[in-house]
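Peer 1: Just to be clear, the model below is a prediction. Sequence and coordinates:
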Amino acid sequence: MARGRLLRRLNKNIILFGGAAIVVFFVLTALFAPLIASHDPGAIDMASVFLPPSGEHLFGTDELGRDVFSRVVYGSRVSLFVGIVAVGISVAVGVALGLASGYYGGWTDSVIMRFTDVMLCFPSFFLILAVIAFLNPSIINVMAVIGLTGWMGVARLVRAETMSVKNREYIIAARLAGLSHARILFKHILPNVLSPVFVTAALGMAGAILTESSLSFLGLGVQPPTPSWGNILTAGKDNIMFAWWLSFFPGVAILLTALGYNMLGEGLRDAADPRKK
Amino acid sequence: MAGYILRRLLAMIPLLIGITVICFFVINLAPGSAADMRVSMNPKYSETAREKFEKMYGLDKPLYEQYFIWLGKFVRLDFGDSFATDGKKVTEKIGERLPITVGLNVLSMFFIFLIGLPLGVASAYWRDSVFDRAATVAVFIGYAVPTFWLALICMYWFGVHLGWLPISGLTSYDYDSLSPAGKFLDLSRHLILPVSISVFGALAGISRFARSSTLEVLGEEYITAARARGIGEGAVLFRHALRNALLPVVTILGLSVPGLIGSSVIFESVFSIPGMGQLFYMSVMMRDYPTIMGILVIGALLTLAGNFIADVAYAFIDPRIRYGSG
């Protein structure tokens, strides 16, 4: 009986669990990259260039004889890192602005929300490209720019949640007890507005990883020799005619990771929505 | 209705001002001035030439003054001359390419709605069925796939390996000599790959929205009431449910503009389509600041326009919005 229920729950939340499984798989890959990689990702071997996939080189080798499998495994670290930092920035900025906007209301709210609306007017990829063009395409700049153009959704969500929470009795009680605004905001409001942020953060991870790969494709992402999935793929695209494996495997890695985060986000949203139970 | 439109238009003014401020902020992110960049890239420029250049672009004035000068030109949509060797006016350069980008995106949007809406509605109607699961995974794959990668694979497979479709540009070399029907066919063949890939990538937004919106309406009491009265399932779905479920989808139209415009950089670069996205990429690579700024502004204005059209269309089909707080 218990097993039947478990299966039914699993079936109901297949999107959530499928997504979580993919995400965990890639996080473990990134954590244990040195153990998983079969070769040194930077080791050049001119005697074995453009080898197709084989038992020795699972994903083949590139134009410098480097092992593509090991490069993709190490690339997962860079892509994960870019995603976490970029999303961390968007969440931090979005939560801060959303809390301030929802809690203080009035002028603060108007100014912050108009600013959010303005930022939403820009096609974010245009803004990212323009800023990267003016600065330099280093990994720090790429993460910062992706993060700073992605906080608007979080800010709106947190603002709405904060507004619905701030007039509850326990908050009023806290005010009457003489707690400071900061304490109320961080101790009593923040924990109650965070759950929808997790959904956005999961979707944001997918977006950030895809954006980095698009930037790499245009030559403006994480710069070689640091292997990111985007730049491995891009380096391989010129040889797609005779060495498909160079761009195929990193592309699959990006696709699966983004799919995993999207499914995780969607699954969390579904699980949190009581109407869909 | 006129009052509503006027209110919407007025609400856009602060946004417009904000857009100009952010654009101006981005210009001034450049390390050193634009003049430095130009001088250091070309040894033929002397110090006097540099001063002349600074004067020409007003770079010798204080920042706030530069902003107002720039704003004055902005109001007349004058973004100055391109730094590129052709030295054309930025407005002219964008004007040549804007119709291509807008046309492509409108075409994509049409197919996104044509496929995404029925997909989402069917998913909701047969909720948790195998079809629903398969459709969900399919649109998510589209959403997660790196578009340039899929484009490359399709170009290689359909263009080079099978030789079915052309892989770059919008027209063939002999386009001008073709008959009108031949021209149409040629253009369509060139559009198949870019448009299908763009549609595949953007299906998720609209179909997921249609799904959840339909699900919500199907749970309403008036639907149960309609069923209880013995109205056929077809009539319940099409006459009672969808009318209400699909109204808000119009707003997604406005919301999807920035994403589509943004991704035109990738599509137009991969498929060598001479649109605004390709121009933007070339300008970024050449650090052609006036053109970068011009396109950034135009991109934001297109988004504003998209939102405005969506809002007005929504108010037009749903009177509750018109007479609400708006």
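Peer 2: Noted; the coordinates are in hand.
Peer 1: pLDDT at B:Arg322, what is it?
Peer 2: Model confidence at B:Arg322, expressed as pLDDT, equals 71.
Peer 1: contacting residues for it?
Peer 2: With contacts defined as CB atoms under 8 Å, 6 or more residues apart in numbering or on different chains, B:Arg322 is in contact with B:1, B:4, B:315-316. Glycine gets a C-beta too; all of them are placed from N, C-alpha and C.
Peer 1: Same question for B:Leu253.
Peer 2: Taking CB under 8 Å, 6+ apart as the criterion, B:Leu253 is in contact with B:109, B:113, B:306, B:309-310, B:313.
Peer 1: most surrounded residue in the contacts of B:Arg322?
Peer 2: Among those, B:Ala315 has the most neighbours (other CB atoms under 10 Å in any protein chain shown), with 20 neighbours.
Peer 1: Against which helices or strands is the helix or strand containing that residue packed?
Peer 2: For B:Ala315, the element it lies in under DSSP states H and E is helix B:289-317. Of the remaining helices and strands, those touching helix B:289-317 by 3 or more CB pairs under 8 Å, 6 or more residues apart in numbering or on different chains; DSSP states H and E are helix A:106-121, helix A:124-134, helix B:2-27, helix B:90-125, helix B:249-255, helix B:257-270, helix B:276-286, helix B:319-323.
Peer 1: Would you mind measuring the gap between the ends of stretch A:185-205?
Peer 2: As for stretch A:185-205, its first-to-last residue distance stands at 26 Å under the measure CA to CA, to the nearest Å.
Peer 1: touching chain B at all, it?
Peer 2: No. Using CB under 8 Å from any CB of the partner chain, no contact is recorded between stretch A:185-205 and chain B, whose separation bottoms out at 9.5 Å.
Peer 1: in chain B, which ranges drop under the pLDDT threshold?
Peer 2: Scanning chain B with the threshold set as pLDDT under 70 gives B:29-61, B:323-326.
Peer 1: if I look at the spatially most central residue of chain A, how far off is B:Arg322?
Peer 2: Nearest to the mean C-alpha position of chain A, by CA atoms, centre = their mean, lies A:Met205 at 1.2 Å. Between A:Met205 and B:Arg322 the distance, using CB to CB, to the nearest Å, works out to 40 Å.
Peer 1: got CSV for the contacts of B:Arg322, with distance to A:Arg175 too?
Peer 2: Formatted as CSV, the contacts of B:Arg322 follow (distance: CB to CB, whole Å):
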residue, distance to A:Arg175
B:Met1, 44
B:Tyr4, 39
B:Ala315, 39
B:Phe316, 45
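Peer 1: Looking at those, spot the one nearest B:Val160.
Peer 2: B:Phe316 (47.3 Å; CB to CB).
Peer 1: out of the helices and strands packed on helix B:289-317, nearest to B:Leu162?
Peer 2: Of all these, the one in closest proximity to B:Leu162, counting by CB to CB, is helix B:257-270 (18.2 Å).
Peer 1: Send me the closest one as PDB with only the CA atoms.
Peer 2: Coordinates of each C-alpha in helix B:257-270 appear next as PDB, following Å, rounded to 0.1, in the frame of the first residue of the first chain:
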ATOM      1  CA  VAL B 257       9.100  40.700 -27.600                       C
ATOM      2  CA  PRO B 258      12.400  41.300 -25.700                       C
ATOM      3  CA  GLY B 259      13.300  37.600 -25.800                       C
ATOM      4  CA  LEU B 260      12.600  37.300 -29.500                       C
ATOM      5  CA  ILE B 261      14.400  40.500 -30.400                       C
ATOM      6  CA  GLY B 262      17.400  39.500 -28.200                       C
ATOM      7  CA  SER B 263      17.700  36.100 -29.800                       C
ATOM      8  CA  SER B 264      17.800  37.700 -33.200                       C
ATOM      9  CA  VAL B 265      21.400  38.400 -32.600                       C
ATOM     10  CA  ILE B 266      22.100  34.700 -32.600                       C
ATOM     11  CA  PHE B 267      19.800  33.700 -35.400                       C
ATOM     12  CA  GLU B 268      21.000  36.400 -37.800                       C
ATOM     13  CA  SER B 269      24.600  35.700 -37.000                       C
ATOM     14  CA  VAL B 270      24.300  31.900 -37.600                       C
END
